[in-house]
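**Student:** Sequence and predicted structure below; questions after.
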Amino acid sequence: MKSNPSFRAGVLPRKDPSTGGERMTYTAKMDPKGPIPVSLFFTCLADAFSPGVCTATVEVLERFGATVRVPLSQTCCGQPAFNSGNRKEARAMARKFLLSFPDDGDIVTPSGSCAAMVKHGYPVLFRDEPRMLVRARAVGERIYELSQFLVDVLGVTDPKSDFSGKVTYHDSCHLRRGLGVVEAPRKLLRAVPGVEFVEMEESDRCCGFGGVFSLKYPQISCKMTERKVERILATGASYVTSGDLGCLLNIGGLISRIGYPVKAIHLAEILAGKTAGRGDAG
Amino acid sequence: MELNANAFGRSARKALLDKTLQEALGRTTGRFLDHRDAAVAAFPEFEATRERASRIKRDVLDHLDTYLARFVEEAEKRGTIVHVARDAAQAREIAARIARDEGVALAVKSKSMASEEISFNEALQEAGVTVVESDLGEFIIQLAGEAPSHIIAPAVHKTREQISRLFERHLGEPRTDNIPELVGMARRHLRAKFLSAGMGVSGGNFLVADTGSVVLVTNEGNGRMGAVLPRVHLAVVGIEKVIPRMADLATFLRLLPRSASGQTISSYVSIVTGTRRAGDPEGPERMHILLLDCGRSAILEGKYREILKCVRCAACLNVCPVYQSVGGHAYGWVYSGPIGAVLTPLLVGLPEAVALPDASTLCGACADVCPVKIPLPDFLLELRSDAREQGLKTPGEIAAMKGYAGVMKRAGLLEAIERIAGVLGQFFTKGKGIGGLPYPFSGWTERRDFPAPASLPFRKHWKIKRGPRG
Amino acid sequence: MVNERESLFRRLSAACGDHGTAAEEPLPGGPSAAPEGDRVARFAEMFTAAGGFLLRGPVETALSDLGEMLRAEGVTALFFPEDDAAAREIAEALVPFGPFLLTTGAEVRGESAAVTAGFRAAEAAIAETGTIVETSAGGKSLLPGLIADVHVSIVPAASVVDRMEEALAVFTADPPRNISFLSGPSKTADIEQTLTVGAHGPKKAIALLLPT
């Protein structure tokens, strides 16, 4: 583990430098001997279409000492509404999101784009509501994507996974450019003994998903996906992985329609490994 | 230029099927990008220079009244006649009047995106003036009767065969597939025009407030020819192109050529100030600058102000995977790519270009390369929100959004829907993916599979496994 | 027209809002200190990288190479500005190395069909970018770098500066009609993105670097 500060839960009132008023700061620091409280933000997409990603995420977090809480009142961070300009609906979902999570501990999600939404999108949504803005910013400071949390917060260097196969990695746009997470997934993948890791060309080029973009301009979207798939095939990898399920469903959808011998698999599932208990999630 | 931005979807689909265009786009943007990346890597101060340029431009925008006033004063001191046009109609009127008053029969023009905004060539032609484009790419598409498809490479979509055919038809030149020969034909033909033209017309990459100078950055050398040889020089420039001092020019010259095409500097930078001085052997006797507002002061007032920092390098076009897929014509107006997707709606009105802000996956590559740090993805998001506020979204989309938000209000409701969808999905697809979905999801399943919803959503699994309290 | 100008400035003042006064001093973070070493050598390297050709003085040794380069381009006529002593000296000395004819800018401008080389003394050279600086200050002609097929710049080593700012500073107080930065030959890649020289300006840019 990276550092050994003592554990303190709860709400600490502090002065907000810009308004001079009281500001709530949510902090959670870890007791080296104690449990690490983590709330799982499992995302609506994985919940409904790929629950194995969620169970894999829990598995990996528990493997490295986290006590995973799963607030079941969560639904959706509101990204599709925000990205398409429907801020009223996005705000409603954002409010519910902020209410769904406890005030202490970090929030971990297997989705780079959802983490980026909370971190960068919520302050925009609430820029005219000072109290919500403070709350949104505070939550934004303690939300992490899975690989980012493992490497930067827990200091994991070896995910202890028994996964094996030739794997290439797609940098999803919001994970890479939104959160600045580039090396963490690669460090983890390279540390898995059974993984033969190979970089693809243009790994950070958009796969063409873009949420509603893939529905509004499907032909352009497909052209971009085709180029991504070409780069994947050029590596000879059997698996393409990423920290965003949307990208993987997009890339995987094209691969499966054409029938290429490549499987799109989420990073969490590789990190959890072959023997992770995924079967019962369907 | 004629506006057709809302036909983006249709134009894009057409562009995707155009093999010649696809090849040209692949070749061009890839090369520009590779060169740009190499030039940036070889320039360790790139990030610091970018920050400085962004701050200079922000200072200019915060005090545009002061800097522009200074520019006008200094320019007039040195013999320049400064005109101001509020909108395109007024600009055309002024341009035609200048040509008439100066007795111009032939005008030779070098690249100016601003002049495209106001349909300058048509205005002069209506006034009986012949206008010849001299930028090789612009010259080619002028012969073809087309609009430019890229800010710095307007003929990117044309092959040498197509160009040679144009030269045969319009210039009487023999067919060839030798590119230097083609360039030589254009050179000869245009040289004659430069030497006989009554007026040279240019744009302006920068306006220097301290000295009243117009700066032209070119590789071909036509900008400077038009600014030296004819008796009259007219520069058509947007009001936002001002920079405070001559020294600041160096900062922008370190960024513009590198960002555009990976060059350390362009072949020519011409800084022209006023008319020819007594004793000068060459130079225009008359110098006019036509400053365009054309929507810029309105942008300056609002939340999109930073878009006016743009130096028209086209790096954002080159890096944009959407632009790379469809090219410039699909955007339906003067500006394309990410800058076009923001600037066009702001200049022509969002209702006339509402299709453009959606033409992006918000991947953020454009913001990474913009030399003056314009937050393009943020502006695209903002425009999409404006579209909803201005009632420009379809009732279908709004209903779908309301429905989706309604479901997400209660976790219990969401779970119930997931269970039902899961059961139905598994029943109909028997564990395989979904091959066809109804509108609006049909776009997806045309070429891609989609998984069936899981029979047991995670939240239900968690309840079962860990008890209802989670 | 004055009304339109007034109304523009009124709109701008309202739009700019209150951001204090305009920055009087240039913002911090200018160019870094010039690299160590020979700035003339750096100029030579950058000028060549931009597609230019460099010949080093003294004049006597360079003449025959220069003559050969011009013959290879098919040059038959040389011209220089009347009042440019350095350009005249070189051009006249070069005549036997062709042989070349001497002509004038005016004749070339009158659409002479000859392949020409235009000679001019540079006012400065910039090491950072491999740039030659020519201006119209003092009534100097720009035709040699504008309409000749080959442009020969005579560059005294002492006129080389490190940064663009230094070259610009000379002309800020009283700018001439035209300050030109010339970095290599005229180029275009507008046809199939294939780089070709000699679009409108000279096809070849030669710098004759003289020791003084």
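**Tutor:** That came in fine, so what should we check first? This structure is a prediction, so every number in the text was calculated from the model and none was measured.

**Student:** I'd say residue B:354 and residue B:6 touch.
**Tutor:** Yes: the criterion here is C-beta atoms under 8 Å, and residue B:354 meets it with residue B:6 at 6.5 Å. Using the backbone N, CA and C atoms, a C-beta is placed for each residue, glycine as well.

**Student:** Lowest-scoring secondary structure element of chain B by mean pLDDT?
**Tutor:** For chain B, counting by mean pLDDT, DSSP states H and E, helix B:442-447 ranks last in confidence among helices and strands (a mean of 84).

**Student:** Going by neighbour count, which residues in it are buried?
**Tutor:** Using 16 or more other C-beta atoms under 10 Å in any protein chain shown as the test for burial, helix B:442-447 gives B:443, B:444, B:445, B:447.

**Student:** related to what we said a few turns ago, look at residue B:354 and residue B:6 and report which has more neighbours.
**Tutor:** residue B:354 (20 against 15; other C-beta atoms under 10 Å in any protein chain shown).

**Student:** doesn't that one fall inside a strand?
**Tutor:** No: Residue B:354: not assigned to a strand; according to DSSP: H, G, I helix; E, B strand; the rest coil it is coil.

**Student:** Tell me the spatial nearest neighbour of it, not counting adjacent residues.
**Tutor:** residue B:392 (4.8 Å; C-beta to C-beta, 6 or more residues apart in numbering or on different chains).

**Student:** Let me see the ranges of the helices in the stretch 51-200 of chain A.
**Tutor:** A:51-63, A:79-83, A:87-100, A:112-116, A:122-125, A:130-141, A:146-148, A:173, A:183-190 (DSSP state H, counting those that start in this stretch).

**Student:** Check whether the first one comes near chain B.
**Tutor:** Going back to what we said before, that points to helix A:51-63. Yes: with C-beta under 8 Å from any C-beta of the partner chain as the measure, helix A:51-63 is seen reaching chain B through A:51, A:54, A:55.

**Student:** List the contacts of the closest residue to the first one other than its chain neighbours.
**Tutor:** Nearest non-adjacent residue to residue A:51, counting by C-beta to C-beta, 6+ apart: residue B:458, 3.7 Å away. Each residue near residue B:458 by C-beta atoms under 8 Å, 6 or more residues apart in numbering or on different chains is listed here: A:42, A:46, A:47, A:51, A:54, A:55, A:281.

**Student:** related to what we said a few turns ago, make TSV out of the residues of helix A:51-63 next to chain B and add distance to residue A:194.
**Tutor:** Output for these, formatted as TSV (distance: C-beta to C-beta, whole Å):
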residue	distance to residue A:194
A:51	24
A:54	23
A:55	20
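
**Student:** Which one of those is nearest to chain C?
**Tutor:** residue A:54 (47.2 Å; C-beta to the nearest C-beta).

**Student:** Rounded mean pLDDT for stretch B:367-375, please.
**Tutor:** Averaged over stretch B:367-375, pLDDT sits at 97.

**Student:** which residues are in contact with that stretch?
**Tutor:** Under C-beta under 8 Å, 6+ apart, the answer for stretch B:367-375 is A:177, B:36, B:50-51, B:53-54, B:57, B:255-256, B:258-259, B:306-307, B:309-311, B:313, B:315-316, B:318-319, B:339, B:376-377.

**Student:** And the buried ones among the residues you listed, selectable in PyMOL?
**Tutor:** Buried members of the contacts of stretch B:367-375, defined by 16+ other C-beta under 10 Å, are picked up in PyMOL with:
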select buried, (chain A and resi 177) or (chain B and resi 36+50+53+54+57+255+256+258+259+306+307+309+310+311+313+315+316+318+319+339+376+377)
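
**Student:** Residue B:73 - nearest residue in space that isn't next to it in sequence?
**Tutor:** Spatial nearest neighbour of residue B:73, excluding adjacent residues (C-beta to C-beta, 6+ apart): residue B:212 at 7.3 Å.

**Student:** mind listing what residue 197 touches?
**Tutor:** You didn't pick a chain, so chain A it is. Counting by C-beta under 8 Å, 6+ apart, residue A:197 touches A:167, A:168, A:169, A:186, A:189, A:190.

**Student:** try chain C instead
**Tutor:** Residue C:197 makes contacts with C:51, C:185, C:186, C:187, C:203, C:204, as judged by C-beta under 8 Å, 6+ apart.

**Student:** What is the burial count for the residue nearest to residue A:49 when sequence neighbours are not counted?
**Tutor:** Excluding its sequence neighbours, the residue lying closest to residue A:49 (C-beta to C-beta, 6+ apart) is residue B:451, at 5.2 Å. Residue B:451 has 18 neighbouring residues, counting by other C-beta under 10 Å.

**Student:** my read: residue B:451 touches residue B:433, true?
**Tutor:** Yes: with contact defined as C-beta under 8 Å, residue B:451 reaches residue B:433; the gap is 5.3 Å.

**Student:** Point me to the residue of chain C nearest chain B.
**Tutor:** Nearest to chain B, among the residues of chain C, is residue C:201, at 2.8 Å (C-beta to the nearest C-beta).

**Student:** So that residue, which state does it fall into?
**Tutor:** Here residue C:201 is recorded as coil under three-state DSSP.

**Student:** Once you drop chain neighbours, what's closest to it?
**Tutor:** Take residue C:201 and drop its neighbours on the chain: the residue closest to it by C-beta to C-beta, 6+ apart is residue B:221, 2.8 Å away.

**Student:** residues contacting that neighbour?
**Tutor:** Residue B:221 makes contact with B:267, B:268, C:146, C:186, C:199, C:200, C:201, C:202 under the criterion C-beta under 8 Å, 6+ apart.

**Student:** cool, residue B:84 as well?
**Tutor:** Going by C-beta under 8 Å, 6+ apart, residue B:84 touches B:291, B:293, C:1, C:4, C:5, C:8.

**Student:** Apart from its chain neighbours, what residue comes closest to residue 162?
**Tutor:** All of this is about chain A. Nearest residue to residue A:162, sequence neighbours excluded (C-beta to C-beta, 6+ apart): residue A:273, at 4.4 Å.

**Student:** my bad, the chain I had in mind was chain C
**Tutor:** Among residues not flanking residue C:162 along the chain, residue C:34 sits closest, at 3.6 Å (C-beta to C-beta, 6+ apart).
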